[in-house]
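A.B. asks: What follows is a predicted structure for the sequence shown.
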Amino acid sequence: MFSIPRVNVIESTEGFSVEVLGQTGLLYRERARSARIDSEVLSGPAGIVIYADSVKCWADGTAIDEQTARQIVENVRAAFRFRGLEIDVF
């Protein structure tokens, strides 16, 4: 289940949130960790594109393994679907 606690933030009851940081960039938070994801807002049917190869490390520098990176991308996808938007992933 999702909620929108403030503008540009989508929060999940599963313990993560996604914040749109403007025209480029998302901040993904999961418990006490966060990671910045490169993205671009689009004007077409896909509301946003995210660059999966930018999901490399947490803000503290700890590497994100491939399986966790895939889960983060899917969490972001689910959050945007809640808002009625699809994302493209490159």
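C.D. replies: Sure thing, it's come through.
A.B. asks: okay, CA-based contacts and neighbour counts for the rest of this
C.D. replies: Noted.
A.B. asks: Look up how far residue 36 lies from residue 59.
C.D. replies: With distances taken as C-alpha to C-alpha, to the nearest Å, residue 59 is found 7 Å from residue 36.
A.B. asks: Name the nearest residue to residue 35, ignoring sequence neighbours.
C.D. replies: residue 58 (4.7 Å; C-alpha to C-alpha, 6 or more residues apart in numbering).
A.B. asks: Residue 37 versus that neighbour, what's the distance?
C.D. replies: From residue 58 across to residue 37, the span is 10 Å (C-alpha to C-alpha).
A.B. asks: Name the helix or strand of the chain that has the lowest mean pLDDT.
C.D. replies: Averaged element by element with mean pLDDT, DSSP states H and E, the chain has its least confident helix or strand at strand 46-50 (a mean of 83).
A.B. asks: Now for residue 89: which residues touch it?
C.D. replies: 49-52 (C-alpha atoms under 8 Å, 6 or more residues apart in numbering).
A.B. asks: Closest one to residue 76 out of those residues, please.
C.D. replies: Closest approach to residue 76 among those (C-alpha to C-alpha): residue 50, at 9.0 Å.
A.B. asks: ok, the closest one to residue 35 distance?
C.D. replies: From residue 50 to residue 35 the distance is 13 Å (C-alpha to C-alpha).
A.B. asks: Spatially nearest residue to the residue sitting nearest the centre point of the chain, not counting backbone neighbours?
C.D. replies: Closest to where the C-alpha atoms of the chain average out (C-alpha atoms, centre = their mean) is residue 76, at 3.8 Å. Nearest residue to residue 76, sequence neighbours excluded (C-alpha to C-alpha, 6+ apart): residue 18, at 6.6 Å.
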